[in-house]
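Trainee: Mind folding the following:
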Amino acid sequence: MLDVEQVMVDLSAALEKSGKYPEGIDRIEPHGMDWAYVETSKGVFLFDNEACSPGGDEKPITESRSAKWPLYFCKKDAIPMFPDGEMSLTPELIREFPTTGTMNFGKWVRKFGHRLEDNFHAWNKFLETEMGVRPPAQVH
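Mentor: Take a look at the predicted model:
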């Protein structure tokens, strides 16, 4: 699983160092804090813990087809409503992100309600049949 908190700390530090940190904000947050990736022979797939991918499809992230990760610029004691920017995620960048370990895909995805169950089963079937990942897939 990605250490999203550390990714945001690193991004903030890089923006500050470059002089591009947005003025008047307290922190930068992504859309959701629970993200992981699965590496297959056909590419890298990024998921949140509802088994949703940033692109909303079953195509791998590639150098030419990066995932767009919405970012929110947060002011102190304010809850942002809409993304203020986005981060392009390539397989190389995703692999460089710090992680908190690996976990079975089925245990990592939150499973309650029909929509989440459907998301999980659709991705699990896709990873097994199309990508050749034998269950259980491990997320990083």
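
Trainee: Now do the strands in this protein.
Mentor: For the chain, the strands defined by DSSP state E occupy 27-30, 35-40, 43-48, 67-74, 85-89, 103-104, 138-139.

Trainee: could you pull out the helices for the chain?
Mentor: For the chain, applying DSSP state H gives helices covering 4-18, 91-96, 105-108, 114-129.

Trainee: So for residue 64, which of the ones you listed sits nearest?
Mentor: helix 91-96 (10.7 Å; C-beta to C-beta). Heads up, the C-betas are built off the backbone N, CA and C, glycines and all.

Trainee: Of all the helices of the chain, which one comes closest to residue 84?
Mentor: helix 4-18 (12.4 Å).

Trainee: what mean pLDDT would you report for the closest one?
Mentor: Averaged across helix 4-18, the pLDDT comes to 89.

Trainee: Can I get that helix as PDB, trimmed to CA atoms?
Mentor: Below are the C-alpha coordinates for helix 4-18, written out as PDB (Å, rounded to 0.1, in the frame of the first residue of the first chain):
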ATOM      1  CA  VAL A   4       0.200   8.500   0.900                       C
ATOM      2  CA  GLU A   5       1.000  10.700   3.800                       C
ATOM      3  CA  GLN A   6       4.700  10.500   3.100                       C
ATOM      4  CA  VAL A   7       4.100  11.100  -0.600                       C
ATOM      5  CA  MET A   8       2.300  14.300   0.200                       C
ATOM      6  CA  VAL A   9       5.100  15.400   2.600                       C
ATOM      7  CA  ASP A  10       7.700  14.700  -0.100                       C
ATOM      8  CA  LEU A  11       5.500  16.600  -2.700                       C
ATOM      9  CA  SER A  12       5.100  19.600  -0.400                       C
ATOM     10  CA  ALA A  13       8.900  19.700   0.200                       C
ATOM     11  CA  ALA A  14       9.700  19.500  -3.500                       C
ATOM     12  CA  LEU A  15       7.200  22.300  -4.300                       C
ATOM     13  CA  GLU A  16       8.600  24.500  -1.400                       C
ATOM     14  CA  LYS A  17      12.200  23.900  -2.600                       C
ATOM     15  CA  SER A  18      11.200  24.900  -6.200                       C
END
